[in-house]
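S.K.: Need a 3D model of the sequence below.
(one chain, ligands or ions: 1)
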Amino acid sequence: MPNKKSIFQAIFLTIILLLSLSHSGFTDSSATELKIQFKTIEELYLRTHSYLKKFDTTLDEHLHENETSITSFYADLIESGTYSHLLTFRDRLEEHQNEIVQLIQENLAVLNDSHDSNSTPQDQSLARNTIDWIAHYYHELPAPLLLAHYPIATSLHDLEIKDAHFKTALDRVLRAEEDLLNETSSNSGYSLNPFIQLFWNHSIETQIDEQAILLEDKTTPISNDIEEQAAEIQNELAPALEKLSSKSARFAPSTGPQGNITGNQFPPGVWSFTFDDGPHKIHSQKILKNLIDHEMKSTFFMLAQQVKLYPQIALKIQNAGMEIANHSYSHAQLPKISTNRLRHEIHDSQEVIAEVLHKKPQLFRLPYGAGVHVSRIRAQLAAEDLIHVFWNVDSLDWHDRNPASIVARVKKQLRLSRKNGGIILFHDIHPQSVEASRQIMDYMTEKNKNNPGQFRIMPVGDVMNMLESELTQ
Ligand SMILES: [Zn+2]
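M.R.: This next block holds a predicted model:
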């Protein structure tokens, strides 16, 4: 329920907004452009939601059939375009979100810098109006759609924001996420009690569902360039997944199949947890603690920019016996970038990580898995002595905020795995991933009590060495 204070704030902001619009370079068209950007982010978020449902439906269909082959399950996902669309939406969402983060940072910098002669009064007023417009937008947006903006708010979380209105608007975005998760004081982060679970299923989740269906019902076509990108990824994924059944177990840096591990070459019962996009200042350490508690070792695919930000966390993870691998410098979509930038993402990232950890990573994972079949990218990886690591179980934890449904999705894929072995993809940058991966660790530990060795958890590099030594025996 809106209280008097928030109504007052809204009126106040509207007046400020109207006053400022009439006096500055922040025109109606700037506002329209921002609005288009924001609506695009929300549309992509809702589309992702629909496609995640399709992904889960495909899983359920395959579980009900007796055919338990991971290749046919993924083949269906690829053929239907579900998985390539999910990867495309994620790429586009991050692209738009990053643009907004940058825009906000630039404008806040101008405002914070009011005594600096570098910015003119016009710059100041333009920045003021942009920030006010965004604050107003976030104050008005309904909760389910605020979730689409959550990554923007978390990226800005560490900034010192002097502007009170903007700060409360960002807090509103952050709170939308917190409302979905029942934060506990336990070290493991988040867990959902039955009441919250009920709330989830019948409230916010339903609202997102409704919004997503509304979007589909309007039969608004997905924009052409997104469809094109999804088709490109689809073309690339199909041959990559054929390789899933490859029997070759010898790996070496190369542009061919030997330079690409998918997880389906793993021996029965052998699984690797992989955690991407960190190190994150809070969540990575929670995951590390959970792994240590479960006596499990895993592989962390780190971004060089994050390693630079949190070198101590990266070191702590390595010192705990975990494997550190490279996930590029800044999570760029590598097929889209120039040769120079490609060198930065692959070569420079190796240098940065090696400088902090005194050890060069041997493994690399392409952001969004994009570029496995682009020869200039694979050649660059091979030149750096890197082997590429794909996955065959995707938690899709980057979109799904509900630990319970992430856990269900992973368990279903574990069951569908023909050989009971492979590589599980998580991200150590989200609270829901901390909780979901902990529950999977619990599940595996419990299974091992009754059936020792059912789940042998190892870092990817250790599995490679094991397969190599079996070959030479
Ligand atoms: Zn990633």
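
S.K.: ok, whatever residue of the stretch 351-473 of the chain ends up closest to the ion to Lys162 distance?
M.R.: Relative to the ion, the nearest point of the stretch 351-473 of the chain is Pro367 (4.9 Å; CB to the ion). In this view, the C-beta of every residue, glycine as well, is placed from N, C-alpha and C. Between Pro367 and Lys162 the computed distance is 34 Å (CB to CB, to the nearest Å).

S.K.: The ion versus Phe166, what's the distance?
M.R.: For Phe166, the distance to the ion equals 29 Å [CB to the ion, to the nearest Å].

S.K.: again, but for Ile161
M.R.: 27 Å.

S.K.: Over to that residue: give its phi and psi.
M.R.: Ile161 has phi and psi values of phi -110, psi 110 when expressed as degrees, to the nearest 10.

S.K.: Show the pLDDT at the nearest residue to it once chain neighbours are set aside.
M.R.: Spatial nearest neighbour of Ile161, excluding adjacent residues (CB to CB, 6 or more residues apart in numbering): Lys167 at 4.8 Å. Predicted confidence (pLDDT) for Lys167: 93.

S.K.: near the ion, which residues of this structure?
M.R.: Asp276, Asp277, Pro367 (CB under 5 Å from the ion).

S.K.: on that earlier part again, residues touching the helix or strand encompassing the residue nearest to Ile161, excluding its own?
M.R.: Assigned by DSSP states H and E, Lys167 belongs to helix 164-180. Contacts made with helix 164-180 from outside it, assessed by CB atoms under 8 Å, 6 or more residues apart in numbering, are listed as 9, 13, 108, 131-132, 134-139, 143-144, 146-147, 149-150, 152-154, 156-157, 161, 200, 204, 401-402.

S.K.: and stretch 253-262, how far apart are its ends?
M.R.: For stretch 253-262, the first-to-last residue distance is 14 Å (CA to CA, to the nearest Å).

S.K.: ok, now stretch 76-84?
M.R.: 11 Å.

S.K.: residue ranges with poor pLDDT in this structure?
M.R.: 1-25, 66-72, 114-117, 180-204, 219, 239-249, 473 (pLDDT under 70).

S.K.: in it, which spans are strands?
M.R.: 260-261, 270-276, 299-302, 323-326, 363-364, 387-389, 393-394, 422-427, 456-457 (DSSP state E).

S.K.: closest to Val407 out of the ones you listed?
M.R.: Closest approach to Val407 among the strands of the chain is made by strand 422-427 (11.2 Å; CB to CB).

S.K.: if I pick the closest residue to Phe300 other than its chain neighbours, what's in contact with it?
M.R.: Using CB to CB, 6+ apart and skipping the chain neighbours, the partner closest in space to Phe300 is Phe275 (4.9 Å). By CB under 8 Å, 6+ apart, the residues touching Phe275 are Ser284, Ile287, Ser298, Thr299, Phe300, Phe301, Phe426, His427, Asp428, Ser433, Ser437.

S.K.: So the third one is in contact with Ile457, correct?
M.R.: Yes. With contact defined as CB atoms under 8 Å, Ser298 counts as touching Ile457 (7.1 Å).

S.K.: quick one on the thing from earlier: which one is the residue of the stretch 351-473 of the chain closest to the ion nearest to, not counting chain neighbours?
M.R.: His331 (4.5 Å).

S.K.: What of Pro142?
M.R.: Of all residues not flanking Pro142 in the chain, Gln207 sits nearest, at 7.7 Å (CB to CB, 6+ apart).

S.K.: again with Lys308
M.R.: Val352 (5.9 Å).

S.K.: count of neighbours near Glu106?
M.R.: 12 (other CB atoms under 10 Å).

S.K.: Repeat that for Ala148.
M.R.: So Ala148, with other CB under 10 Å, has 27 neighbours.

S.K.: Just list the residues touching the closest residue in space to it that isn't next to it in sequence, thanks.
M.R.: Excluding the flanking residues, the one nearest Ala148 by CB to CB, 6+ apart is Tyr45, at 3.5 Å. Tyr45 makes contact with Leu93, Leu145, Leu147, Ala148 under the criterion CB under 8 Å, 6+ apart.

S.K.: same thing but 7 Å
M.R.: Leu93, Leu147, Ala148 (CB atoms under 7 Å, 6 or more residues apart in numbering).

S.K.: Thr48 against Phe89, yeah?
M.R.: Yes. Using CB atoms under 7 Å, Thr48 is in contact with Phe89, at 4.4 Å.

S.K.: Counting neighbours, what do you get for the closest residue to Ser437 other than its chain neighbours?
M.R.: Spatial nearest neighbour of Ser437, excluding adjacent residues (CB to CB, 6+ apart): Phe426 at 5.1 Å. The number of residues packed near Phe426 is 28, by other CB under 10 Å.

S.K.: biggest helix in the protein, by residue count?
M.R.: The longest helix of the chain (DSSP state H) is helix 28-64.

S.K.: How far away from the center of its chain is that one?
M.R.: Centre-to-centre, helix 28-64 and its host chain are 14 Å apart (CA atoms, centre = their mean, to the nearest Å).

S.K.: Could you list the buried residues of that helix?
M.R.: 30-31, 34, 38, 40-52, 54-56, 58-59, 62 (16 or more other CB atoms under 10 Å).

S.K.: Same question for stretch 292-306.
M.R.: Result for stretch 292-306 [16+ other CB under 10 Å]: buried residues His294, Met296, Lys297, Ser298, Thr299, Phe300, Phe301, Met302, Leu303, Ala304, Gln306.

S.K.: Mind telling me the two of those residues farthest from one another?
M.R.: So, the buried residues of stretch 292-306 by CB to CB: farthest apart are His294 and Ala304, at 28.2 Å.
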